[in-house]
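K.L.:
Show me how the following folds:
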Amino acid sequence: MICQQCKEKPATVHLTKFVNGKKTEIHLCQECARQRSDINVFAPFTINDLLSELLDMTAPSTVVHGGEDIKCRTCGMTYSQFKQVGRLGCENCYRDFSRELEPILKRIQGGTKHTGKVPSRMGFNYKLQREIDKLKAELQRAVNTEAFEEAAKLRDEIRELEEELRRKDEGGHSA
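P.N.:
I've put the predicted structure just below:
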């Protein structure tokens, strides 16, 4: 889409206004948008900006231990450097910054364990194992709350699924 004002550059600023129930759309290039006094154009926004904002939400006491910025023991990157760059320096940064990263990952992803989509080539067995793991967690909660009838049902369901998984692993087919 081309800028509606200069009719030369690509439109990168897209505004929608509603005035008295009437919708108006404006598509401008960055330069033309800056020239207009009725439009407040923000500076370009990057994923690093978002990450930096999320990282700044952590309590300052978690970033500094003993008065010093924490540092990766392998690559030497500090947590403050990570906040500026938005990328970790090496695989061991995950371990060394785990205390700081965990609340951020929980806030962004809802947890610290990957639970994304299952590739189709992973097949049925992987999905079945995830279901078994989920039921085992439910079983533990049922036992902890002394809901023994529910726990017995969950135990039996887990046994059936584990048997089905065992048969599939041996190359058999379930009904």
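K.L.:
Domain map for this protein?
P.N.:
Residue ranges for each domain of the chain read 1-43, 47-109, 120-169, as given by automatic domain parsing.
K.L.:
By mean pLDDT, show me the worst of those.
P.N.:
Within the domains of the chain, the stretch with the lowest mean pLDDT is domain 47-109, showing a mean of 76.
K.L.:
Can you identify each of the strands in the protein by residue range?
P.N.:
13-19, 22-28, 64-65, 68-69 (DSSP state E).
K.L.:
quick one, helices of this protein?
P.N.:
30-35, 47-55, 60-63, 79-85, 93-96, 98-109, 123-144, 148-169 (DSSP state H).
K.L.:
could these go into TSV alongside distance to Gln4 and mean neighbour count?
P.N.:
Heads up, the C-betas are built off the backbone N, CA and C, glycines and all. As requested, the helices of the chain are arranged in TSV below (distance: least, CB to CB, whole Å; neighbours: other CB atoms under 10 Å):
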stretch	distance to Gln4	mean neighbour count
helix 30-35	8	16
helix 47-55	27	13
helix 60-63	46	12
helix 79-85	37	17
helix 93-96	46	17
helix 98-109	36	14
helix 123-144	50	14
helix 148-169	59	14
